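Enquirer: what would the 3D arrangement of this be:
(one chain, ligands or ions: 3)
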Amino acid sequence: MKIGLLTSGGDCPGLNAVIRGAVLKGVISHTTEFVGFRWGWRGVVERDLMPITRHDVRGLARQGGTILGSSRTNPFEGEGGGPENIQRMLDEEGIDAIIAIGGEGTLTAARRLYDEGGIKVIGVPKTIDNDLLATDYSFGFDTAVEIATEAIDRLRTTADSHGRCMVLEVMGRHVGWIALHSGMAGGAHAILIPEQPQSIEQICEWVESVRERGRAPLVVVAEGFTLPDMTEAHSHKGLDAFNRPRLGGIAEMLAPMIEERTGIESRATVLGHIQRGGEPTAYDRVLATRLGMAAVEAVYDESWGNMVTLRGTEIKTVSIAEATGSLNTVPQSRYDEARILFG
Ligand SMILES: Nc1ncnc2c1ncn2[C@@H]1O[C@H](COP(=O)(O)OP(=O)(O)OP(=O)(O)O)[C@@H](O)[C@H]1O
Ligand SMILES: O=P(O)(O)OC[C@H]1O[C@](O)(CO)[C@@H](O)[C@@H]1O
Ligand SMILES: [Mg+2]
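Expert: Ligands and ions are numbered 1, 2, ... in the order given. You can find the predicted model right below:
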């Protein structure tokens with residue numbers, strides 16, 4: 001059995017741990033050979049691959065990024081794209097199956113390749129945003145929350161020194177999980193997420209009540225948050241490779257609005273890709289390793305078109321089609337719980 005691995009979409013701490021988990025499981029429990037496609041689906045379409053041995057994955061569990069590289073290439077486009085060309089390439093390379101590690105887009109593409117051309121593919125979900133419905137948690141999320149929480153802790157001391165209001169922007173294109181968890185962990189005085197538009201008046205009310213108690217207000221905002229009069233998330237950095245607006249900058253918009261209305265000197269910090277870089281936490285290393293191992297088992301079970309997933313504490317297999325239908329948004333009850341701590 002020869003398996004091709006690829007990592008696609010935005011990178012995420014834990015991708016290398018998945019690769020290591022898969023390779024060790026395959027080599028130790030079976031006699032699997034592995035190759036890696038470089039730069040996600042681009043490596044599939046352009047036949048850019050490299051062998052991966054047990055030696056190559058040594059020490060990888062703690063290494064951030066992905067040794068294979070990633071991109072947002074569409075596997076249905078280009079000369080070598082589409083199920084027929086891909087199947088021909090797999091046959092010529094002697095590759096029996098693909099394990100695609102990626103977010104909702106990557107997994108959707110994987111499922112289409114299976115549905116439309118019978119490509120033998122298994123998915124592994126990744127996203128720091130934790131927005132995939134079929135998995136209770138995705139690896140990378142815990143690491144991002146740790147980094148954001150550390151940022152809040154650091155902002156708090158400088159905010160206290162100057163009596164300033166700090167607005168920290170974290171990632172979260174469609175959902176506010178990183179903001180919610182880091183905000184709760186760091187004791188933020190307001191958490192603003194895409195699922196819950198809030199008026200500037202309400203935000204300022206929270207900020208002023210913090211000041212009245214003699215504290216320096218700390219607001220955490222997800223990049224996808226909107227004020228009620230905004231029709232889409234704030235973006236001023238153009239489009240990404242898949243023609244979606246690059247988000248970022250809502251904190252820089254909110255901080256002067258807060259300062260103007262409350263008279264409290266305010267500062268914005270955009271955490272950005274720092275949340276996606278560096279070593280994964282122990283939790284993410286374990287989760288990613290288990291998912292990598294389970295993906296290899298799913299290949300031997302011929303569970304094509306499915307992805308591995310965390311359900312409670314168990315790793316299960318679910319249909320990608322089911323998994324990518326809608327997003328894992330922050331439920332109202334979780335926001336209401338956090339809201340008790342605001343102001
Ligand atoms: N419906 C689709 N059909 C075919 N290809 C798709 C589809 N959706 C996405 N893709 C391809 O998969 C690539 C990866 O998707 P995307 O850029 O959304 O990353 P992702 O895997 O969802 O990770 P991230 O969490 O960073 O968004 C896209 O750039 C696109 O080329
Ligand atoms: O790496 P890029 O293309 O800037 O993507 C950024 C996006 O990727 C994510 O980090 C993960 O989907 C989002 O939170 C963010 O909007
Ligand atoms: Mg995506």
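Enquirer: C-alpha from now on. contacts and neighbour counts both.
Expert: Noted.
Enquirer: up against ligand 2, what does the protein have?
Expert: 10, 127-129, 171-173, 240, 247 (Cα under 6 Å from any ligand atom).
Enquirer: my guess is residue 144 contacts residue 128, does it?
Expert: Yes. Applying Cα atoms under 8 Å as the test, residue 144 and residue 128 come out as touching, 6.3 Å apart.
Enquirer: the more surrounded of the two?
Expert: Set residue 144 next to residue 128 and count neighbours by other Cα atoms under 10 Å: residue 144 wins out with 30 against 27.
Enquirer: just the buried ones from the residues of the chain next to ligand 2?
Expert: Buried members of the residues of the chain next to ligand 2, counted by 16 or more other Cα atoms under 10 Å: 10, 127-129, 171-173, 247.
Enquirer: can you pull the contacts of residue 320?
Expert: 107-108, 111, 123, 305-307 (Cα atoms under 8 Å, 6 or more residues apart in numbering).
Enquirer: show me which of these neighbour ligand 1.
Expert: Within these, those near ligand 1 by Cα under 6 Å from any ligand atom are residue 108.
Enquirer: as CSV, the contacts of residue 320 with pLDDT would be great.
Expert: Conversion of the contacts of residue 320 to CSV gives the following (pLDDT from 0 to 100):
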residue, pLDDT
107, 96
108, 95
111, 96
123, 98
305, 96
306, 97
307, 97
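Enquirer: kindly reformat the contacts of residue 320 as JSON lines containing neighbour count and secondary structure.
Expert: Shown next, in JSON lines, are the contacts of residue 320 (neighbours: other Cα atoms under 10 Å; DSSP: H, G, I helix; E, B strand; the rest coil):
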{"residue": "107", "neighbour count": "28", "secondary structure": "helix"}
{"residue": "108", "neighbour count": "19", "secondary structure": "helix"}
{"residue": "111", "neighbour count": "26", "secondary structure": "helix"}
{"residue": "123", "neighbour count": "32", "secondary structure": "strand"}
{"residue": "305", "neighbour count": "23", "secondary structure": "coil"}
{"residue": "306", "neighbour count": "26", "secondary structure": "strand"}
{"residue": "307", "neighbour count": "31", "secondary structure": "strand"}
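Enquirer: ok, of the contacts of residue 320, which one's closest to ligand 2?
Expert: Top of the list for closeness to ligand 2, among the contacts of residue 320 and by Cα to the nearest ligand atom, is residue 107 at 13.1 Å.
Enquirer: isn't that closest one up against residue 98?
Expert: No. Using Cα under 8 Å, residue 107 makes no contact with residue 98, being 11.7 Å away.
Enquirer: thinking again about what came up before, now for the buried ones among the residues of the chain next to ligand 2, which pair is the farthest apart?
Expert: Spatially, the most separated pair among these is 127 and 247, at 16.1 Å (Cα to Cα).
Enquirer: related to what we said a few turns ago, ok, the buried ones among the residues of the chain next to ligand 2 vs residue 339, which is closest?
Expert: residue 172 (18.4 Å).
Enquirer: and the closest one, what does it touch?
Expert: Taking Cα under 8 Å, 6+ apart, one finds 129, 178-179, 194, 222-224 in contact with residue 172.
Enquirer: and it, helix, strand or coil?
Expert: Secondary structure assignment for residue 172 (DSSP: H, G, I helix; E, B strand; the rest coil): coil.
Enquirer: got phi/psi on it?
Expert: The phi/psi pair for residue 172 (degrees, to the nearest 10) reads phi 140, psi 90.
Enquirer: what score does it have for pLDDT?
Expert: pLDDT for residue 172: 96.
Enquirer: cool, and residue 318?
Expert: 95.
Enquirer: any idea how far ligand 1 is from it?
Expert: Counting by Cα to the nearest ligand atom, to the nearest Å, the gap from residue 318 to ligand 1 is 17 Å.
Enquirer: show the subsequent helix or strand relative to the host helix or strand of that residue.
Expert: In the assignment (DSSP states H and E), residue 318 maps to strand 314-319. Once strand 314-319 ends, the next helix or strand along the chain (criterion: DSSP H and E) is helix 320-323.
Enquirer: hmm, that following helix in reach of ligand 1?
Expert: No. Using Cα under 6 Å from any ligand atom, helix 320-323 never reaches ligand 1; the gap is at least 10.9 Å.
Enquirer: just checking, what packs against the helix or strand that that helix is followed by?
Expert: Going down the chain from helix 320-323, the next helix or strand is helix 332-339, by DSSP H and E. Under the contact criterion of 3 or more Cα pairs under 8 Å, 6 or more residues apart in numbering; DSSP states H and E, helix 332-339 touches helix 177-186, strand 190-192.
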